[in-house]
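1. Sharing a model that was predicted from the sequence below.
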Amino acid sequence: MALVHPPGLTRFRTHDLPGARRLTGWEEHNARALVGLRVTADRPFDGTEVNLTLPKLQVARVTGSPHAVDRDVRQIAEHPADGVVVYFSLAGESRFEHRGGSDLVVPGQALVLDADRPFRREFSAGLTELVLKAPRRGPLTPQLFSFRDNAHASALVTALTGALRGPADWEGLESTAADLLDSVLGARTPSADLAAAHAFIAAHLHEPELCAHRIAAAIGYSDRHLSRLFARSGQSVPQAILNARLDAARLKLAEPISLAEVAARTGFVSQAHFSRTYRARFGVTPRQDRAALKFLPVSAT
């Protein structure tokens, strides 16, 4: 059954269905929430799917035991998708078969395809993946690439993962995700490049050597072009790095670690520099902020 989560999110579990209904239930759910597929399995199937449906995009995190899926001519006729689908593999290898050949997809790779062209996917060891379905912008042949080595794709994974954790700015997410997907497919925009840069900062802020040059190289910019990109957003690159570190450090104050460890984990070269910049940003020292956390009221459950 589909369980309602925070606004915009649902969760479907085959575990809640009788054994004889699990494959059919999985097919029916995916036809509604993502893409119509025919599912086969040699052993009892178990799958879980968290879904987010937006006006133009559908997002999901899928976990399943070994099985295979087919999207054939009949499925396409009965459940036209009229869009593209991106599968981001997080765990479990899969075999992707299409009219142009066959590919092995491993964790860390993303598969982009036209959802209205026949394909087959086999998951011999099960799977965990993120899925994004979006409107088709033009002709598309299947593409396979590493999302860990692609700053824009990595930023897209970060955005989708965060959205599936709970309530978010759905409208902002949809705009950012659409821009990042366009960039992955070859149509870059300044907003997508800025999102990719911020995602790279968030992923590397614990590294003291993080700098504008590394960020620029990651997203394919020159240092000067990156500076102009950030200037248009109202801050410099060093300011963006420092603000990201301070925001992350503030969250870590609730953890049972020393202030020196908080500073080290968020890329500050010294606790003194951390405390000084923290006070300049938030008006209190990290120690004062941590002390205040002890007196926050606990919400009733």
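-> That came through fine. Numbering: from 1, shown residues only.
2. Is it correct that P80 falls within a helix?
-> No: secondary structure of P80 (DSSP: H, G, I helix; E, B strand; the rest coil): coil, not part of a helix.
3. Pull the contacting residues for it.
-> With contact set as CB atoms under 8 Å, 6 or more residues apart in numbering, P80 has these partners: D116. Where C-beta positions appear, they are placed from N, C-alpha and C, glycine not excepted.
4. Now do the same for it: its pLDDT.
-> With respect to pLDDT, P80 scores 94.
5. how close does it get to R117?
-> 12 Å (CB to CB, to the nearest Å).
6. H67 too?
-> 21 Å.
7. So for the protein, the centremost residue is which one?
-> In the chain, the centroid-proximal residue (CA atoms, centre = their mean) is V157; its distance is 2.4 Å.
8. Confirm that that residue sits in a helix.
-> Yes: remark: V157 belongs to a helix, assigned using three-state DSSP.
9. Would you confirm that it contacts N150?
-> No: contact criterion CB atoms under 8 Å: V157 and N150 do not qualify, at 9.6 Å.
10. now stretch 243-252, how far from the centre of its chain.
-> Taking CA atoms, centre = their mean, to the nearest Å, one finds the center of stretch 243-252 at 21 Å from the center of the full chain.
11. So what touches it?
-> Residues from elsewhere that reach stretch 243-252 (CB under 8 Å, 6+ apart): 198, 201-202, 205, 235, 262-263, 265-268, 274, 277-278, 281-282, 286, 289.
12. Identify each of the helices in the chain and give its residue range.
-> Ranges of helices in the chain, per DSSP state H, are 22-33, 73-78, 151-163, 170-184, 190-204, 212-219, 223-232, 237-252, 259-265, 271-282, 286-293.
13. The fourth one: which residues count as buried?
-> Taking 16 or more other CB atoms under 10 Å as the basis for neighbour counts, the residues of helix 170-184 that come out buried are 170, 173-184.
14. C-alpha coordinates for that helix, CSV please?
-> Extracted C-alpha coordinates of helix 170-184, given in CSV (Å, rounded to 0.1, in the frame of the first residue of the first chain):
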residue,chain,number,x,y,z
TRP,A,170,9.3,21.9,-4.2
GLU,A,171,9.1,24.8,-6.8
GLY,A,172,12.8,25.7,-6.3
LEU,A,173,13.8,22.0,-6.4
GLU,A,174,11.9,21.5,-9.7
SER,A,175,13.6,24.5,-11.3
THR,A,176,17.1,23.5,-10.1
ALA,A,177,16.7,19.8,-11.0
ALA,A,178,15.4,20.7,-14.5
ASP,A,179,18.4,23.0,-15.1
LEU,A,180,20.9,20.5,-13.8
LEU,A,181,19.4,17.8,-16.0
ASP,A,182,19.6,20.0,-19.0
SER,A,183,23.3,20.6,-18.2
VAL,A,184,23.9,16.9,-17.9
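15. circling back to that earlier point, adding distance to G126, write the helices of the chain out as TSV.
-> Below are the helices of the chain laid out as TSV (distance: least, CB to CB, whole Å):
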stretch	distance to G126
helix 22-33	13
helix 73-78	22
helix 151-163	19
helix 170-184	26
helix 190-204	27
helix 212-219	32
helix 223-232	41
helix 237-252	33
helix 259-265	33
helix 271-282	43
helix 286-293	40
